[in-house]
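How does the following fold in three dimensions:
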Amino acid sequence: MFAGGRNKAKLESARAAYEESVALYRQQILVAFREVEDSLAALQFLERELAALEEAAVAAKKSASIAFERYRAGAINFIAVVDSETARLLAELAASGPPRPSGLRWCASSRRWAAAGNRVRPTPAPSQANALPPPAGRTGCRAAKPDSSSA
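The predicted model follows:
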């Protein structure tokens with residue numbers, strides 16, 4: 001009958017445990033939102049970087065074409081044409097070179113999926129299907145942590 005305040009103490013303890021679990025849950029949700037936002041920002045950055053690389057490749061191709069026409073007209077020597085072609089090839093390699101831009105985009109997508117609660121990595125786009133993802137140490141891509149609850 002008389003518990004000497006034991007029931008009230010148990011109730012307060014249960015409320016404190018509940019509030020603690022709610023606070024931990026909110027913290028996990030905020031961390032997940034931050035990770036998703038970071039991944040989306042990384043994807044946007046990578047898209048802008050890839051667009052800039054493609055634009056540079058187009059400009060280098062135009063420059064090489066102009067250099068060759070100037071050579072044919074006798075205005076410049078062939079070394080300038082070779083330099084221009086080298087710059088064009090390097091720009092094209094940077095724009096389409098595997099797997100840096102697409103691999104980083106794939107890593108950012110997988111981190112976004114993991115942050116959203118999924119532990120399965122997204123399927124790479126068809127252009128990336130044959131390319132291996134870049135090594136984790138070179139790109140900052142961390143592998144998704146296995147879900148311990150499903151084991």
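
Where do the helices of the protein begin and end?
6-72, 78-96, 100-115, 136-139 (DSSP state H).

hey, which of the ones you listed is tucked in deepest?
Counting by mean count of other CB atoms under 10 Å, helix 100-115 has the highest mean neighbour count of the helices of the chain, with a mean of 20. For every residue, glycine as well, the C-beta is placed using N, CA and C.

mean pLDDT for the helices of the chain: which is lowest?
Here those differ in mean pLDDT, and the lowest is helix 136-139 at a mean of 44.

quick one: residue 61 and residue 28, what's the gap?
49 Å (CB to CB, to the nearest Å).

and if you look at residue 89?
From residue 89 to residue 28 the distance is 49 Å (CB to CB).

next one: residue 64
Relative to residue 28, and taking CB to CB, residue 64 is found at 53 Å.

likewise residue 9?
In terms of CB to CB, residue 9 sits 29 Å off from residue 28.

repeat for residue 56
42 Å.

cool, and residue 34?
In terms of CB to CB, residue 34 sits 11 Å off from residue 28.

One more: residue 40?
Taking CB to CB, one finds residue 40 at 19 Å from residue 28.

go on, residue 14?
Where residue 28 is concerned, residue 14 sits at a distance of 21 Å (CB to CB).

Repeat that for residue 17.
17 Å.

Residue 7 too?
For residue 7 relative to residue 28 (CB to CB), the value is 32 Å.

What of residue 67?
58 Å.

same deal with residue 55?
With CB to CB as the criterion, residue 55 and residue 28 are 41 Å apart.

likewise residue 88?
50 Å.

and if you look at residue 86?
Distance from residue 86 to residue 28, by CB to CB: 52 Å.

what does residue 44 give?
Distance from residue 44 to residue 28, by CB to CB: 25 Å.
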